[in-house]
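[1] Sequence plus predicted model, see below.
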Amino acid sequence: MEKIKTRKMMIGIFFVILAVAGWRMAGAEEEPEAEMQPLAVSTDSVSYIEKPSVMPLSGSVEGLTSSIISSRFSGQVTNVCVEDGQTVSKGQPLFVMDTVELRNALRVAQNSVNQARAKYANDCDEFGRYQILFDRGAYSRQQLETARTKMLASQADYDSAQANLSSAEKQVAEATVVSPVDGVIANKNLTNGQNVSAGSQLMTVEQLEAVHVVINVEQRDMAYLKMGDSVTVTVDAYPDKTFTGIVDVISPVAGKENRMFRVKVKVDNPEMLLKPGMFVQVQLNLGAPKMVLSVPQKAVLGQKGVQYVFTVEDGKAKKIRVEAGDIVGDRLEIVDGVSEGMTILTDNLDKLKDGNPVQLGEEA
């Protein structure tokens, strides 16, 4: 009897649990779902814009001319007259070499000239006397020719001494190294008291009133280039400034390593804003501009290499995959996925999911 009562009690408890669970489920089904509030968004429209037909290339700046400065002879530097970035004029002293040994050599050369000149003058007088005596029959022709030979040898020694003197004077003059052109000092590697070797590069003088922008162009694009073409140049250091240049040099031979052609664009640089070594962006004109579909750059999102935009359909956000092209001003070219006039959402995109309700604001 006790087993039967226990079994009935357990069955009763089971039905009570079922009833309670059923009541809770019924109550849950009767509760209304919370509706998602529309997200306020701004919009823009897909529209056509004019896209310039240009080819972007990267390049670097070089001085129009770059004069390498060195000493013609080895020695010690006694005075450095300039610093990096200093503007210099043609003929302005850059540095001075020690001239003690050079001036000693100059004095020796001057003494040699004096001696050779005196000997030559004496031999000329002697040959004159021999000539008179020969004319009178007092000397033989052999004696006269001997005197002539002696005079000519003295003349040669005199000429050699003068040449040595000229070289010594030139070395003393060249002890003061001057700028060969107007320009700006760069890459100075020189201090007072430094010993330098003949021919070693000590600094450069860069002509920067105009510069060359150097680019490498592939063979397939060479047909678009010709001498004198106008080229647009920009640089990150001056984002709001555009420079204009012309094609000045086109290499007739491709580089052996990259098989590309080296092209130099001459750019006027009166303010000297463009400096050698700067990286720049160059836009080569490839013909007439064309019309392309575009949306604001901020409207395009990307995820795992896939680009997409949000439009609106029946009051809800709709995610559309697109293929983006080039940046044109503050807009982005869209190659595929949209059509002209389509409404595009432009803000709160990080909070949107496909199908979310939206409340459209004013068009940007």
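    Ah, there it is.

[2] buried ones in the longest helix seen in the chain?
    What stands out as the longest helix in the chain, according to DSSP state H, is helix 100-135. Neighbour-count burial for helix 100-135 flags 102, 105-106, 109, 112-113, 116, 119-120, 123, 127, 130, 134 (criterion: 16 or more other CB atoms under 10 Å). C-beta coordinates here come from the backbone N, C-alpha and C atoms, glycine included.

[3] centre of the chain versus that helix, how much separation?
    60 Å (CA atoms, centre = their mean, to the nearest Å).

[4] what's it packed up against?
    Applying 3 or more CB pairs under 8 Å, 6 or more residues apart in numbering; DSSP states H and E, one finds that helix 100-135 contacts helix 141-174.

[5] Check which element follows the helix it packs on along the chain.
    Using DSSP states H and E, the helix or strand that follows helix 141-174 in sequence is strand 176-178.

[6] Sheet partners, orientation included, of that following strand?
    strand 93-97 (antiparallel) (DSSP bridges).

[7] Tell me the buried residues in the partner strand?
    By 16+ other CB under 10 Å, the buried positions in strand 93-97 come out as 94, 95, 97.

[8] Kindly report the same for stretch 299-308.
    299, 300, 307, 308.

[9] Reformat the residues you listed as TSV; add pLDDT, secondary structure and distance to residue 48.
    Below are the buried residues of stretch 299-308 laid out as TSV (pLDDT from 0 to 100; DSSP: H, G, I helix; E, B strand; the rest coil; distance: CB to CB, whole Å):
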residue	pLDDT	secondary structure	distance to residue 48
299	90	helix	16
300	92	coil	17
307	93	strand	19
308	92	strand	21
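
[10] Give the rounded mean pLDDT of stretch 47-62.
    Stretch 47-62 comes out with an average pLDDT of 86.

[11] Quick check: buried residues in it?
    51, 54, 57, 59, 61, 62.

[12] Of the residues you listed, which belong to strands?
    51, 54, 57, 59, 61, 62 (DSSP state E).

[13] The second one contacts residue 283, doesn't it?
    So the one you mean is residue 54. Yes. Residue 54 sits in contact with residue 283 when judged by CB atoms under 8 Å, with a separation of 4.3 Å.

[14] tell me, what's touching these two both at once?
    residue 232 (CB atoms under 8 Å, 6 or more residues apart in numbering).

[15] And the buried residues of strand 93-97, which is closest to residue 287?
    Nearest to residue 287, judged by CB to CB, of the buried residues of strand 93-97 is residue 94 at 48.3 Å.

[16] so who does that closest one touch?
    Here residue 94 is in contact with 69, 80, 81, 82, 88, 177, 178, 179, 185, 203, 205 (CB under 8 Å, 6+ apart).

[17] tally of neighbours for the closest residue to the first one other than its chain neighbours?
    Computed as CB to CB, 6 or more residues apart in numbering, the closest residue to residue 69 that is not its neighbour in sequence is residue 203, at 4.7 Å. Taking other CB atoms under 10 Å as the neighbour definition, residue 203 ends up with a count of 23.

[18] Isn't residue 203 up against residue 190?
    Yes. Using CB under 8 Å, residue 203 is in contact with residue 190, at 6.3 Å.

[19] wait, doesn't residue 126 sit right on residue 148?
    No. Using CB under 8 Å, residue 126 is not in contact with residue 148, being 10.0 Å away.

[20] circling back: check the ones in strands among the buried residues of stretch 47-62 and tell me the two furthest apart.
    Using CB to CB, those span at most 30.9 Å, a distance reached by 51 and 62.

[21] Any stretches of the stretch 151-300 of the chain with poor pLDDT?
    By pLDDT under 70, the stretch 151-300 of the chain contains no weakly predicted segment.

[22] need the strands for it, in chain order.
    176-178, 183-186, 195-196, 203-206, 210-217, 230-234, 243-250, 261-268, 279-285, 290-296 (DSSP state E, counting those that start in this stretch).

[23] Out of those strands, flag the one nearest residue 170.
    Nearest of the strands of the stretch 151-300 of the chain (CB to CB): strand 176-178, 11.8 Å.

[24] Only the buried residues of the closest one, if you could.
    177, 178.

[25] which residues are contacting that strand?
    With CB under 8 Å, 6+ apart, strand 176-178 has contacts from 69, 71, 90, 91, 92, 93, 94, 95, 96, 97.

[26] The fourth one is in what secondary structure piece?
    Using DSSP H and E, residue 91 sits within no helix or strand.
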